[in-house]
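J.: Show me how the following folds:
(2 chains)
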There are 2 protein chains.
Amino acid sequence: MADGLKQVIVVRTDIGMGKGKVAAQVAHASLSAVEEAMRRRSDWVQEWKAEGQPKVVLKCSSEDELRDMQKKAGAAGLPSALVEDRGLTQVDPGTVTCLAIGPAPDERVDAITGRLKLL
Amino acid sequence: MADGLKQVIVVRTDIGMGKGKVAAQVAHASLSAVEEAMRRRSDWVQEWKAEGQPKVVLKCSSEDELRDMQKKAGAAGLPSALVEDRGLTQVDPGTVTCLAIGPAPDERVDAITGRLKLL
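T.: Below you'll find the predicted structure:
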């Protein structure tokens, strides 16, 4: 079990965000999930950073999918963070834009997000 | 001086990164600059988070521009983080992809990045 750790961020593609908006939302999700992980599994965070903090950005097409994956992450004991945008630009207030899962062991993240494609 | 704080991430557009790659690089820069800020100006980080951790993603067209802005940020006492990609996908190893400045007071960041356009 010499697997690594990673963080996956899943972005909705059904709400028409531009490249910069997506990047800002992904950064927000990433940071929030790292903070969550620091509270519960700081060992994962340290190991992930030592590996170069690998991140993979995937896509999905609905809020329901994000919420479903967040539930699965919680049930599996993985840190996660769902981002609701304040809606100042491009999307309506309260729009759920993306979900970060991890840092966590590769295979445990893949069990939830493995079927999704790269953004 | 009731200005807010923000983090700006400047991305190179001359190296052909896709949307997901850009998002992952921006998240990396963002997280690294927040860590740098925590070591030197944790008050800025706390205040920025309380404001909803606003982030703005801008673009530039060369590594030289990023390095020049990083020097200016350092001289101005602002936290920053330059990302060099490991080059596993899309770009060559060691490619400088983006620069995060802040969280820091809006006007101090704008003095360095104010002329750049949104990505």
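
J.: what about the strands in chain A?
T.: Applying DSSP state E to chain A gives strands spanning A:5-12, A:55-60, A:80-84, A:96-105, A:117-118.

J.: Dump these into CSV; add distance to B:L116 as well.
T.: Using the backbone N, CA and C atoms, a C-beta is placed for each residue, glycine as well. Putting the strands of chain A into CSV (distance: least, CB to CB, whole Å) gives the following:
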stretch, distance to B:L116
strand A:5-12, 24
strand A:55-60, 23
strand A:80-84, 24
strand A:96-105, 23
strand A:117-118, 27
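
J.: Out of the ones you listed, which is closest to B:A75?
T.: strand A:55-60 (30.2 Å; CB to CB).

J.: now the closest one against strand A:5-12, angle please.
T.: Relative orientation of strand A:55-60 and strand A:5-12, computed by axes from the mean of the first three to the mean of the last three CA atoms, to 10 degrees: 30 degrees.

J.: Select the longest helix from chain A.
T.: In chain A, with assignment by DSSP state H, the single longest helix is helix A:19-40.

J.: re earlier: turn the strands of chain A into JSON lines, columns for mean neighbour count and distance to B:C98.
T.: Formatted as JSON lines, the strands of chain A follow (neighbours: other CB atoms under 10 Å in any protein chain shown; distance: least, CB to CB, whole Å):
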{"stretch": "strand A:5-12", "mean neighbour count": "26", "distance to B:C98": "16"}
{"stretch": "strand A:55-60", "mean neighbour count": "22", "distance to B:C98": "13"}
{"stretch": "strand A:80-84", "mean neighbour count": "21", "distance to B:C98": "20"}
{"stretch": "strand A:96-105", "mean neighbour count": "26", "distance to B:C98": "18"}
{"stretch": "strand A:117-118", "mean neighbour count": "10", "distance to B:C98": "19"}
